[in-house]
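Undergrad: Predicted model and sequence follow; I will ask about them next.
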Amino acid sequence: MVTGVNGLFGVESPIVLGPFGGLSSTELTATVSNLGGLGSFGLYGYEPERIRQTARALRELTPKPFALNLWVPRDDAVPADIPSEEYERFAAVLEPFFREVGAEVPSRPERFLPSFDEQIEAVLELAPAVVSFVFGLPSASLVEAAQSKGIVVVGTATTVDEARYLEEGGADAIVATGLEAGGHRVSFLRGAEESLVGSFALIPQVADAVSVPVIAAGAIGDRRSVAGAFALGASGVQVGTAFLATRQSATNDTHREAIRVATADGTVLTRAMSGRLARGIPNRAIRTIEQSGVIAPFPLQNWLTGRFRAEANKQGNGELQSLWAGQAAALARHTDAADVYAELLAGVPR
């Protein structure tokens with residue numbers, strides 16, 4: 001079995017759970033870690049105390065290594081002090097969705113996201129086996145601070161240039177994520193629309209460009225795609241959609257069913273739900289927002305839609321949820337994480 005990533009992470013197999021920003025569950029993260037892979041938990045939007053609670057919960061569920069994932073702040077983020085009239089203009093477009101789920105349009109908050117500095121301070125204090133980042137890397141001093149605590153630092157690249165940047169920034173391993181992947185396109189050197197490279201082209205070029213281990217992500221859902229990723233030069237695989245469709249994930253049955261019936265051409269790239277480009281299954285909310293031509297910048301759009309999406313999730317209203325999924329959604333045939341893991345493991349070279 002491939003050992004490069006295994007030894008780096010302290011795990012038995014080079015299978016990594018994709019970190020879901022908003023849809024992570026301690027049960028799924030711990031399950032993947034207990035099976036021998038690297039469970040990951042996305043901390044998007046988490047305040048420091050909630051991060052600490054999550055890490056404690058994970059350590060109660062597994063003695064094995066796991067990763068905590070953070071979003072690095074980017075310059076495209078709209079400030080919290082956006083003019084009131086602008087806030088109201090963006091909120092007005094979404095008012096029918098709030099009405100549909102029986103909620104009020106929220107007032108503008110003091111801030112849309114927790115402080116990144118406070119988040120990473122909490123993560124460094126907790127010292128997980130791995131900390132992974134999307135949208136770039138934090139400062140060199142923070143990377144070094146993590147590594148000095150024995151924390152493995154992982155960055156995420158959508159282009160070869162980003163992979164080189166991450167290696168130069170001190171990343172111990174790099175996730176090369178192709179345009180087929182579900183959820184947000186985590187590009188950071190150029191715009192997401194300018195960084196759409198498919199996994200088949202991206203993985204071998206990243207593997208040739210850097211000396212650290214490369215973890216393939218995007219369009220990986222069964223043993224065949226795992227074997228293909230290793231043949232292209234990857235040292236591990238990161239899988240999201242196939243695990244998201246299992247009963248252990250934090251999504252609901254409406255989302256799981258949408259994944260199972262999705263086709264290879266049944267997902268779209270859209271800014272409608274968050275203000276940043278992301279891949280998911282189109283629904284009424286996406287179509288209506290795109291047709292309006294009014295989409296707030298990130299993170300305002302994500303914060304606003306998140307308020308009605310949370311209620312829609314509880315109600316099982318798939319037309320108003322974020323149905324994140326990758327182009328390999330049709331390969332998500334299992335309902336239990338252990339079965340997904342076994343299928344992926346069958347494709348790992350031995």
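TA: Yep, it's here. None of the values given here were measured: they were computed from a predicted structure.

Undergrad: And the residue in the chain sticking out farthest from the centre, which helix or strand is it part of?
TA: Distance from the C-alpha centroid of the chain, by CA atoms, centre = their mean, peaks at Glu85 (32.0 Å). Per DSSP states H and E, Glu85 falls inside helix 84-101.

Undergrad: So what's the gap between the helix or strand just after that helix and the chain middle?
TA: Per DSSP H and E, the first helix or strand lying C-terminal to helix 84-101 is helix 116-126. Helix 116-126 sits 19 Å away from the centroid of its parent chain (CA atoms, centre = their mean, to the nearest Å).

Undergrad: And stretch 295-309, by the same measure?
TA: With CA atoms, centre = their mean, you get 17 Å for stretch 295-309.

Undergrad: ok, now stretch 61-79?
TA: Taking mean C-alpha positions (CA atoms, centre = their mean), stretch 61-79 and its chain are 9 Å apart.

Undergrad: could I get that stretch in PDB with only the CA atoms?
TA: Extracted in PDB, the C-alpha atoms of stretch 61-79 (Å, rounded to 0.1, in the frame of the first residue of the first chain):
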ATOM      1  CA  LEU A  61     -15.100   9.400  19.100                       C
ATOM      2  CA  THR A  62     -11.700   8.500  17.800                       C
ATOM      3  CA  PRO A  63      -8.100   8.100  19.000                       C
ATOM      4  CA  LYS A  64      -6.900   8.300  15.400                       C
ATOM      5  CA  PRO A  65      -5.500  11.400  13.500                       C
ATOM      6  CA  PHE A  66      -7.900  13.800  12.000                       C
ATOM      7  CA  ALA A  67      -7.700  17.100  10.100                       C
ATOM      8  CA  LEU A  68      -9.300  20.500  10.900                       C
ATOM      9  CA  ASN A  69      -9.900  22.700   7.900                       C
ATOM     10  CA  LEU A  70      -9.900  26.500   7.700                       C
ATOM     11  CA  TRP A  71     -10.700  29.100   5.000                       C
ATOM     12  CA  VAL A  72      -7.900  31.700   4.500                       C
ATOM     13  CA  PRO A  73      -9.400  35.200   4.200                       C
ATOM     14  CA  ARG A  74      -9.200  36.700   0.700                       C
ATOM     15  CA  ASP A  75      -9.200  40.300  -0.500                       C
ATOM     16  CA  ASP A  76     -12.500  39.800  -2.400                       C
ATOM     17  CA  ALA A  77     -14.500  39.500   0.900                       C
ATOM     18  CA  VAL A  78     -17.000  42.300   1.400                       C
ATOM     19  CA  PRO A  79     -16.600  44.200   4.700                       C
END
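
Undergrad: show me what contacts Leu269?
TA: With contact set as CB atoms under 8 Å, 6 or more residues apart in numbering, Leu269 has these partners: Leu179, Arg185, Leu196, Leu277, Ala278, Arg279. Placement of C-beta: from N, CA and C, glycine included.

Undergrad: swap in Val105?
TA: So Val105 contacts Ala91, Ala92, Leu94, Glu95, Phe98 (CB under 8 Å, 6+ apart).

Undergrad: top of the residues you listed by neighbour count?
TA: In terms of neighbour count, Leu94 stands highest of these at 21 neighbours, by other CB atoms under 10 Å.

Undergrad: Check which helices and strands the helix holding Glu85 sits against.
TA: Packing contacts for helix 84-101, counted by 3 or more CB pairs under 8 Å, 6 or more residues apart in numbering; DSSP states H and E, involve helix 284-292, helix 300-315.

Undergrad: Rebuild these as a markdown table, extending it with mean pLDDT.
TA: As requested, the helices and strands packed on helix 84-101 are exported to a markdown table (pLDDT from 0 to 100):
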| stretch | mean pLDDT |
| --- | --- |
| helix 284-292 | 98 |
| helix 300-315 | 96 |
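
Undergrad: hmm, who's touching the helix or strand of the chain with the lowest mean pLDDT?
TA: Lowest mean confidence among the helices and strands of the chain (mean pLDDT, DSSP states H and E): helix 4-9, at a mean of 94. Residues external to helix 4-9 that are found in contact with it (CB under 8 Å, 6+ apart): 11-14, 16, 38, 65, 67, 129-130, 152, 172-173, 213, 215, 235-236.

Undergrad: follow-up on the earlier one: out of the helices and strands packed on helix 84-101, nearest to Ala55?
TA: Proximity to Ala55 (CB to CB) singles out helix 300-315 among the helices and strands packed on helix 84-101, at 22.9 Å.
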